[in-house]
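*Asks:* can't give you the sequence, but here's the structure:
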């Protein structure tokens, strides 16, 4: 079955960095676009960044442009999100999901990112 396991979240001070990882199994990873979708308490799922199956095409929302970078290693079936210049508004549970942006079929269990001094 499809499994997506996120890691790398934590508590970081404003201006700091984190690198999230998502280990995928149970499906042919290279055939799927993947996305990072955050969810803050009381809010629905959004999305911050997406990448196509080959890793060539990416997209992100304006609020993270220049700060977050999505990438993938298809040999390792792993998705990444490098998060730099973090600010408190980035605090969320971050989920990796199959599909592009809002078009998701499977999600992981999420990893908490908290940006606070």
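*Replies:* That came through, no problem. Everything numeric here is computed off the predicted structure, so don't read it as measured data.

*Asks:* can you tell me the SS state at the nearest residue to residue 16 once chain neighbours are set aside?
*Replies:* The spatially closest residue to residue 16, leaving aside those adjacent along the chain, is residue 86, at 5.4 Å (Cβ to Cβ, 6 or more residues apart in numbering). C-beta here means a position set from N, CA and C on the backbone, and glycine is covered the same way. The three-state assignment at residue 86 reads coil, by DSSP: H, G, I helix; E, B strand; the rest coil.

*Asks:* next, the buried residues of stretch 10-30.
*Replies:* The neighbour-count check on stretch 10-30 (16 or more other Cβ atoms under 10 Å) flags 12, 18, 20-24, 27, 29 as buried.

*Asks:* straight-line length of it, end to end?
*Replies:* With Cα to Cα, to the nearest Å as the measure, stretch 10-30 spans 28 Å from end to end.

*Asks:* also stretch 49-60?
*Replies:* End-to-end distance of stretch 49-60: 4 Å, with Cα to Cα as the criterion.

*Asks:* what average pLDDT does that stretch get?
*Replies:* What stretch 49-60 shows for mean pLDDT is 96.

*Asks:* ranking helices and strands of this structure by mean pLDDT, which lands last?
*Replies:* strand 34-39 (a mean of 92; mean pLDDT, DSSP states H and E).

*Asks:* report the central residue of the chain.
*Replies:* Central residue check for the chain by Cα atoms, centre = their mean: the C-alpha nearest the mean position is that of residue 36, 2.8 Å away.
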